[in-house]
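[1] Got a sequence here, can you model it:
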Amino acid sequence: MLQANYSGKIYEAGLDEAGRGCLAGPVVAAAVILPPDYYHPLLTDSKQLIKEQREILRTEIYKEAVAWAVGEVSHTEIDQINILNASFLAMHRAVAQLAVVPEYLIVDGNRFNPYPAIDHACIVKGDSKYFSIAAASVLAKTYRDDLMQTLGQDYPHFGWEQNAGYPTIKHRAAIRIHGVSPHHRLTFRLLPEEVVEAAQIIK
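    Below is the predicted model of the structure:
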């Protein structure tokens, strides 16, 4: 069963990101502060939930969280600073937008760039261990999925409404046929067998 608190601090924020392995779009992170005794029987790692469950939980988190915020780092910034640093930056941007300043941060994963003046702990598979990290994973994924669906309306051949920019067979087949969009990450290996030149960007 997931736990409500790691540090013993009242205002403990869980952090997680979505979109790190995608070929297109931003990386998105969320920060969520839940009540110290929070419990929900359905809440867990967003990857273990179906879309309908994530939508139910998103509404629940908005209602019950002490504070929540979402931060994003664009595909162009990812190309400039690399995806690892971009993931940390997205988390920092989420923390900076919280209406309540957290006393402690718990971060999904094994690495993090420290946030100024706030202690943190990295927790491997934290989204399946702590409610606040699981909540952050739900908010980050649902926010990003909605964003990619909107972007996909202008580039329907990439199938972003289904794959959210991840490297599926359909997505890579569309890159071979149509070239890359203005939202693709050009420093990523978009096609396994070749390097896509920036000159192929479609308008």
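[2] Residue 91 sits in which helix or strand?
    Residue 91 is part of helix 83-96, with elements assigned from DSSP states H and E.
[3] Can you list the buried residues in that helix?
    For helix 83-96, the neighbour count (16 or more other CB atoms under 10 Å) marks 83, 86-95 as buried. (Glycine included, C-beta is placed from N, CA and C.)
[4] between those residues, which is nearest residue 174?
    The nearest member of the buried residues of helix 83-96 to residue 174, counting by CB to CB, is residue 83 at 21.4 Å.
[5] Now do the closest residue to the closest one other than its chain neighbours: how many residues are near it, please.
    Nearest non-adjacent residue to residue 83, counting by CB to CB, 6 or more residues apart in numbering: residue 20, 5.8 Å away. By other CB atoms under 10 Å, 15 other residues sit near residue 20.
[6] got the contact list for residue 20?
    Residue 20 sits next to 27, 83, 87 when contact means CB atoms under 8 Å, 6 or more residues apart in numbering.
[7] Looking at the residues you listed, which is nearest residue 176?
    Using CB to CB, residue 83 comes nearest to residue 176 of the contacts of residue 20, at 22.7 Å.
[8] and the strand or helix carrying residue 174, what other elements does it pack with?
    Secondary-structure element containing residue 174, defined by DSSP H and E: helix 169-178. Helix 169-178 sits against helix 160-163, with contacts defined as 3 or more CB pairs under 8 Å, 6 or more residues apart in numbering; DSSP states H and E.
[9] if we look at the helix it packs on, which residues are touching it?
    In contact with helix 160-163 (CB under 8 Å, 6+ apart) are residues 24-25, 148-149, 151-152, 168, 170-171.
[10] Give the rounded mean pLDDT of it.
    Helix 160-163 comes out with an average pLDDT of 96.
[11] Just the CA trace of it, in CSV.
    What follows is helix 160-163, C-alpha atoms only, in CSV (Å, rounded to 0.1, in the frame of the first residue of the first chain):
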residue,chain,number,x,y,z
TRP,A,160,0.0,12.0,-31.0
GLU,A,161,-3.6,11.7,-29.7
GLN,A,162,-2.8,8.0,-29.2
ASN,A,163,1.0,7.9,-28.6
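[12] picking up where we left off before, mind checking the SS state of the residue nearest to residue 83?
    With DSSP: H, G, I helix; E, B strand; the rest coil as the basis, residue 20 sits in coil.
[13] mind checking pLDDT for it?
    Looking at residue 20, its pLDDT stands at 97.
[14] for residue 197, same thing?
    According to the prediction, residue 197 has pLDDT 48.
[15] can you check the one 5 residues further on too?
    Here the pLDDT value assigned to residue 202 is 51.
[16] report the longest helix in this structure, please.
    With DSSP state H setting the assignment, residue counts place helix 131-152 as the longest helix in the chain.
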